[in-house]
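Engineer: just the structure for this:
(one chain, ligands or ions: 1)
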Amino acid sequence: MKNRKPTLLQKLINFTTAYIKYAFSGFKEVDVDTYMKRLDICLNCDHLATLNECAVCGCPVFDKAKMETEKCPLNKWGEIPVTESNMEPEETIEPKNKW
Ligand code: SF4
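Structural biologist: Numbers count the residues shown, from 1 in each chain. Sure, this is the predicted structure:
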């Protein structure tokens, strides 16, 4: 079966949906290390189209890769790793010298 590229309307729907999820998460982004790993996978992917668009979903990979709520449509990024922003907060450390 041949892969069909998304239409302009489908690209718009896909990226708008991704952006809404990202906004509802409070604009949570992955850490720099995860972002660079995701980008490296995308930039070496057979499905990278012109203008750095993913040919499967039509999203711009430089934007999509930073969104913590996003996944590669072919699951090439693997699982979303635990980052500082989605870890449970640790106990609060009180300053030792109180005035
Ligand atoms: S999101 Fe996935 S399928 Fe799309 S370009 Fe990146 S690695 Fe390839």
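
Engineer: to what extent is Phe15 buried, counted in neighbours?
Structural biologist: As a burial measure, Phe15 scores 19 neighbours (other C-beta atoms under 10 Å). C-beta coordinates here come from the backbone N, C-alpha and C atoms, glycine included.

Engineer: next one: Lys37
Structural biologist: Neighbours of Lys37 under the rule other C-beta under 10 Å: 16.

Engineer: which parts of the protein are helices?
Structural biologist: 8-24, 32-43, 61-64 (DSSP state H).

Engineer: contacts for the last one, please.
Structural biologist: Defining contact as C-beta atoms under 8 Å, 6 or more residues apart in numbering, one finds that helix 61-64 is touched by 15, 18, 38-39, 42-43, 48, 52-54, 57, 70.

Engineer: in PyMOL, select just the buried ones from those.
Structural biologist: To isolate the buried members of the contacts of helix 61-64 in PyMOL, using 16 or more other C-beta atoms under 10 Å:
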select buried, resi 15+18+38+39+42+48+52+53+54+57+70
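
Engineer: Lys28: which of the contacts of helix 61-64 is nearest?
Structural biologist: Relative to Lys28, the closest of the contacts of helix 61-64 is Glu70; by C-beta to C-beta it sits at 10.4 Å.

Engineer: for the closest one, what are phi and psi?
Structural biologist: Note on Glu70: backbone dihedrals following degrees, to the nearest 10 are phi -100, psi 150.

Engineer: what residues are up against it?
Structural biologist: Glu70 is in contact with 18, 21-22, 59, 64, counting by C-beta under 8 Å, 6+ apart.

Engineer: could you measure from it over to Gly78?
Structural biologist: Computed with C-beta to C-beta, to the nearest Å, the distance linking Glu70 and Gly78 is 13 Å.
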